[in-house]
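Student: Need coordinates for the below:
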Amino acid sequence: MAEDRPAVNVRELPVSSTEDSKASWRIEVDWKADEEEDDVPLLPRRQSGSLQFSEKPLGCIWNSGTGLLTLGAFTISVATLCVKLLHDRVPLFQLIAIRSLASCIILCFLCRSSGTNPMGPRELWPLLLTRGVSGAISMTMTFGSLFLIPLTDTTILFLTHPAWMTAICWLFRIEPIKWTMSVGVAICMAGVVLVTHPPIIFGGHQHWGLARIGGVALGLGGAIFATTSFLTVSKIGDRASPIVMTFWFQMVGFLSSVPVMFVGFPTPIKWGLSWLDIVLLAGVTLASSLSNTLVNRGLQISSATMGSVTLTSQILFATLWGIFLLNEPLSMVGLIGAVLIVLGVVMVSRERAAIKSSREAATEEMHRWSWDRLAAWRQTRVNEVELSAAERLARVFG
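Tutor: Below is the predicted model:
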């Protein structure tokens with residue numbers, strides 16, 4: 001068995017010392033294996049007839065940012081459609097409580113399987129609580145808007161959150177704002193006016209009762225609180241898992257909706273749920289959970305601009321659901337407003353992505369400059385030591 005061992009060659013090499021002119025020694029070991037061992041692969045080679053995951057259709061979708069974001073937008077529209085179908089069947093806060101509880105159970109199972117603490121690091125609890133509260137308020141307002149106004153209008157109003165984020169960042173001096181971003185915000189606001197069709201501008205009050213006013217206010221409020229939630233998530237960064245942040249959001253939603261549900265506001269709790277109610281509730285939960293996974297994966301492998309553009313396809317899906325399943329009217333003015341909102345969102349998201357990329361490039365350049373300065377300083381120091389050693393040897397033997 002001793003003949004199978006690789007040969008070892010050990011030799012001593014002098015190196016310069018950084019403290020004085022005395023030479024120190026290091027050991028260099030060369031492992032020489034037999035030529036026959038070089039031909040043995042460490043891992044079994046893939047057979048010619050087998051396929052990797054990336055070569056399968058499912059793998060192609062998983063590695064496509066546009067495909068994932070489109071599927072994410074579709075599943076979001078399915079979740080909102082289920083909520084819309086439940087608006088006269090299940091009370092609002094009962095719907096939120098059941099959805100949040102089911103999501104918490106799923107997330108706890110995922111945390112247990114991955115060995116993650118669902119509560120996250122203790123030092124991040126204030127930020128995680130802020131994310132949970134803002135996300136729960138946004139969900140409650142958006143669901144309330146779906147209960148009061150058409151599905152398409154709620155979807156369009158919620159997608160204005162990039163414009164609200166730009167306005168909040170400018171108001172609190174969080175990041176610089178370019179003039180093109182201001183134009184994008186103005187275009188978004190013009191689109192909101194066309195979609196909501198307020199009678200003070202267009203005249204006519206037949207469609208503007210308390211339900212319409214409340215639905216529009218809740219839809220815009222949901223977008224604004226979603227912006228707060230997104231800013232908190234960016235503040236947390238990679239210090240907490242996305243599963244942990246989603247768990248806090250669902251936990252706060254459940255804890256805040258249960259007391260209101262038992263009080264019976266705005267309608268009493270419904271104890272006897274039909275099979276259709278259960279199916280729709282399951283659709284809300286599963287579609288919401290799947291959309292979070294698809295959108296997070298899509299944003300990881302695609303640009304922010306492409307993500308914002310693709311996610312606006314929710315308007316198309318919501319319009320189709322409204323026409324063919326909900327019998328909601330479609331107006332040309334509303335379509336023009338939707339186009340303006342998409343255009344404004346694209347402008348704002350593109351400039352925000354450019355600002356982020358330039359900031360990252362500047363940070364990388366600063367790090368590269370620091371390393372270059374450090375390498376130059378070390379080389380200068382080595383040269384000084386070598387020169388000092390040469391001078392001492394010249395004094396001795398000169």
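Student: Identify the residues contacting stretch 102-120?
Tutor: With contacts defined as CB atoms under 8 Å, 6 or more residues apart in numbering, stretch 102-120 is touched by 125, 128, 240-241, 243-248, 250-251, 254, 281-282, 285, 288-289. To be clear about C-beta, it is placed using only N, CA and C from the backbone, and glycine gets the same treatment.
Student: what about the spatially most central residue of the chain, is that helix, strand or coil?
Tutor: Note on the chain: the residue nearest the mean C-alpha position is residue 296, at 4.5 Å, using CA atoms, centre = their mean. Assigned state for residue 296: helix (three-state reduction, DSSP: H, G, I helix; E, B strand; the rest coil).
Student: Grab the nearest non-local neighbour of it.
Tutor: Among residues not flanking residue 296 along the chain, residue 242 sits closest, at 5.8 Å (CB to CB, 6 or more residues apart in numbering).
Student: per-residue pLDDT, that neighbour?
Tutor: On pLDDT, residue 242 comes in at 82.
Student: Please tell me how far it sits from residue 299.
Tutor: 11 Å (CB to CB, to the nearest Å).
Student: Can you pick out the residue with more neighbours from the two?
Tutor: residue 299 (19 against 13; other CB atoms under 10 Å).
Student: from memory the more buried one sits against residue 307, does it?
Tutor: Yes. Using CB atoms under 8 Å, residue 299 is in contact with residue 307, at 4.9 Å.
Student: Now list whatever residues contact both of these two.
Tutor: 65, 69.
Student: Output the below-cut-off pLDDT ranges for this protein.
Tutor: 1-60, 200-207, 300, 303-305, 352-373, 381-398 (pLDDT under 70).
Student: Residue 308: what's it in contact with?
Tutor: 162, 345-346, 348-349.
Student: Next one: it from residue 134, what distance?
Tutor: For residue 308 relative to residue 134 (CB to CB), the value is 20 Å.
Student: Tell me which helix or strand the nearest residue to residue 349 once chain neighbours are set aside sits in.
Tutor: Spatial nearest neighbour of residue 349, excluding adjacent residues (CB to CB, 6+ apart): residue 308 at 3.5 Å. Secondary structure assignment for residue 308, by DSSP states H and E: helix 304-311.
Student: helix or strand right after that helix?
Tutor: Taking DSSP H and E, what comes next after helix 304-311 is helix 314-324.
Student: Please save the CA atoms from that next one in PDB.
Tutor: The C-alpha trace of helix 314-324 is given here as PDB (Å, rounded to 0.1, in the frame of the first residue of the first chain):
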ATOM      1  CA  GLN A 314     -51.100  43.300 -13.200                       C
ATOM      2  CA  ILE A 315     -53.200  46.000 -14.800                       C
ATOM      3  CA  LEU A 316     -53.700  43.800 -17.800                       C
ATOM      4  CA  PHE A 317     -54.700  40.700 -15.800                       C
ATOM      5  CA  ALA A 318     -57.000  42.800 -13.500                       C
ATOM      6  CA  THR A 319     -58.700  44.300 -16.600                       C
ATOM      7  CA  LEU A 320     -59.300  40.900 -18.100                       C
ATOM      8  CA  TRP A 321     -60.700  39.500 -14.800                       C
ATOM      9  CA  GLY A 322     -62.900  42.600 -14.500                       C
ATOM     10  CA  ILE A 323     -64.300  42.300 -18.000                       C
ATOM     11  CA  PHE A 324     -64.900  38.500 -18.300                       C
END
